[in-house]
Each structure stands twice: as C-alpha cells, then as structure tokens.
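Peer 1: Model the following, please.
(chains A and B)
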Amino acid sequence: MNDEALSEREIIERVKKGQKAACQLLVARYMKKAYFIALGFVHNEQDALDISQEGFVKAFRRIASFDARRSFFPWFYEILKNLCLDHLRRKKVKNEIPLDGVRILGTEAEDREMKAAVRKGISQLAFEQKEVVLLRYFQQMSYQEIAEVTGKPVGTVMSSLFYARAKLKEILRRYLGFEKNDRPRRENNGS
Amino acid sequence: MDHKDIQRLIAESVDRELDDKTRAMVEEHLAACPTCREEYDLSLKLEEVMEKMDFKTPPDEIWNVYWTSVYNRLERGIGWILLSLGAIIVLFFGAVKMIEGLLRHPAVPLVLKIGLLALLGGAVILLVSIAREHLFLRKRERYKEIMK
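Peer 2: Residues are numbered from 1 along each chain as shown, chains lettered A, B, ... in the order given. Below is the predicted model:
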C-alpha cells in the first residue's frame, strides 16, 4: 500500500512499533498546522518552529500511552499548547503576530494599518478567546473541530468566539470603516 | 426579541448557522433597527477581514528539512538520556566510594563524619521534596496565571 494512502490509525500503529517512515509521514501531515498554531501563540517564527518540532519529539516519546482509536491531532494539540504555555511562562512575548501580506482593503497603507489593528486586537484577547480566534480564522476549523481539539463543549467555543468578536469589533470598528453611533463611513463614501 | 437576543443571532447568522425562519425574523428586525443593522454590517466586515488574515508562510526549505530536524532532536534526546544516566551512575558510585572511605578512615575526626552524614541527610530530603513538588504539585493549575 502507498504510504500516503495509509489511514491515521495505521500510521499511529506503525509509529508505536518504532517505524521511522511512519514518524516522518505523521510529521509531514501535521507540521504546517503545528507550526502555525505555535506561531499564533508565541508570535515568533523561530520559536514556533522549535516548539512545533519539540511537540513532535514529545509526542513520539509518549506515543505508547496514546490510544490509536482516538484522533491524533487533539492529543498532539494538548502537548503543543502546553509547550507554548511553558514558553510564554519563561519569555516575555512581543505582541507582533507575523501576518501575511494579503490585500484586505485596497491600499498598502490601509492594509498595514488594519494588520496592526488586528494584531493589537488579538493580543488583547483573553487566552481562551485568542485560542478560539486562532483556530477559527487561521486554521479554518469549524466549531465542532475546535471543540474536539480544545476538549471544550461546542457551546463554550461559540461563547468564547462571541466575546472575542465583540472585543475585536470594539477595537477594529474605526479601521473597518464604522464609527460609533454613525452609519458606516465606507458605505456613505460610496453613495 | 430584544437587541441582546439579536446580537447573538447576528453572530450565528454570520456563521450561516440560522434556519430560514429565524433568519427571516432577524432580517425583519434589522430592517427596522439601524443600531442592530450597523452591528450586523460590522460583524460581516470583521468576518471578511479576519477570513483574509493569514500568517506569513515560511520558505519551502523550512518544510524540506523539518522532519530531519525532528529526527535529530529525537536522536539527540536519546543521546542526552544515555549520557545523563551514565554520568549519574558514575558520579553516584564515586560519591558512595568516597563517603565510605571517609567514614571508615580512622584519621577522620568524628565531628567531620557527623557533618558528612548531616550533609547527606539534608541533600536526600531536599531532593525528595523537589521531586515531589515537581511530580505532583506543579501539575495542578500550572498555567492559571497566564491570561494572554
């Protein structure tokens, strides 16, 4: 059977037997997700790379205790999140989330301003809210997937996202073209 | 239905989670209430912006050597474990032999022997205490103080 077509359970079984190729396959499947999740928490590319790699090392060392009938990622996420939290305990992290140069509003200056505001907004969120925002918008996970990964009920996830959005709206209102108690500025400009 | 209920429903509407009946009800309210309408438009705009946000993607070389780095870490980890284990055994054996020699040596004064035993007793108590704290107490609420 082609290695790429192996189910996650089969890969885990092989990892448990100490097969190097299976470890490599598992890393290839989740390395980007792991890196970007770590990046969302620690805000530094090199640290995110180190932490995500260390996450895999820890996971392989503990793989014997992992139940292969369960999904790998929520278990791995717990390890990764704890490594990120350990890192945050040790280091004072800059609130400089490295966002990509995607065009959002139109001009480069507006995009820069918006990204700075989004960074500020996310950095001001409580940890649980930040976690949900990162998984929802930067990992494109559904409520169900976030609940599975974080081990929280769907209702709690929805509630965290509701409050996170409320806070982001408050911070970004002006940048989004809305002024408090006014009609949308951007829409008025167009009419 | 008050504004607070509508705020909740706006969030669900943005996530396309509303059934047709509730959606119609929300739209009816939005048509008549400029405050909620603005909140709805703001929510849509926020969603639009957040969905376009992404992290900087590292160059491909990073992904090409990613597995090698993980493997090196695993290998080095095993190396460190063996090295540490060997060092502990050698140092422990050396220390036992040295202490045994000092305690049995007739020329070493009794006070020094008592001092040595007290030193050993203290070290054992400290080690057990630290190990217990590390294994049991720190596991509880480790990350409570981290809010952001």
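Peer 1: what secondary structure does B:Glu17 sit in?
Peer 2: Three-state assignment for B:Glu17 (DSSP: H, G, I helix; E, B strand; the rest coil): coil.
Peer 1: Local confidence estimate at it?
Peer 2: Looking at B:Glu17, its pLDDT stands at 77.
Peer 1: Now for chain B, the helix or strand with the poorest mean pLDDT.
Peer 2: Across the helices and strands of chain B, mean confidence by mean pLDDT, DSSP states H and E is lowest for helix B:3-14: a mean of 82.
Peer 1: What residues sit buried inside the helix or strand following it?
Peer 2: Next helix or strand after helix B:3-14 toward the C-terminus (DSSP states H and E): helix B:20-32. Neighbour-count burial for helix B:20-32, with 16 or more other C-beta atoms under 10 Å in any protein chain shown as criterion, is recorded at B:25-26, B:29-30. C-beta coordinates here come from the backbone N, C-alpha and C atoms, glycine included.
Peer 1: Just the residues contacting stretch A:144-163, thanks.
Peer 2: Stretch A:144-163 has contacts (C-beta atoms under 8 Å, 6 or more residues apart in numbering or on different chains) with A:71, A:73-74, A:77-78, A:128-129, A:131-133, A:135-136, A:141, A:143, B:8, B:11.
Peer 1: For it, list the C-alpha coordinates in PDB.
Peer 2: What follows is stretch A:144-163, C-alpha atoms only, in PDB (Å, rounded to 0.1, in the frame of the first residue of the first chain):
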ATOM      1  CA  GLN A 144     -17.100  21.100  16.200                       C
ATOM      2  CA  GLU A 145     -13.400  20.700  15.300                       C
ATOM      3  CA  ILE A 146     -12.300  23.500  17.800                       C
ATOM      4  CA  ALA A 147     -14.400  21.800  20.500                       C
ATOM      5  CA  GLU A 148     -12.700  18.400  19.700                       C
ATOM      6  CA  VAL A 149      -9.200  19.900  19.700                       C
ATOM      7  CA  THR A 150      -9.600  22.000  22.800                       C
ATOM      8  CA  GLY A 151     -11.700  19.500  24.700                       C
ATOM      9  CA  LYS A 152     -14.400  22.100  25.400                       C
ATOM     10  CA  PRO A 153     -18.100  21.900  24.700                       C
ATOM     11  CA  VAL A 154     -19.300  23.500  21.400                       C
ATOM     12  CA  GLY A 155     -21.400  26.000  23.400                       C
ATOM     13  CA  THR A 156     -18.300  27.200  25.300                       C
ATOM     14  CA  VAL A 157     -16.400  27.600  22.000                       C
ATOM     15  CA  MET A 158     -19.300  29.600  20.500                       C
ATOM     16  CA  SER A 159     -19.400  31.700  23.600                       C
ATOM     17  CA  SER A 160     -15.700  32.400  23.600                       C
ATOM     18  CA  LEU A 161     -15.800  33.400  19.900                       C
ATOM     19  CA  PHE A 162     -18.800  35.600  20.500                       C
ATOM     20  CA  TYR A 163     -16.900  37.600  23.200                       C
END
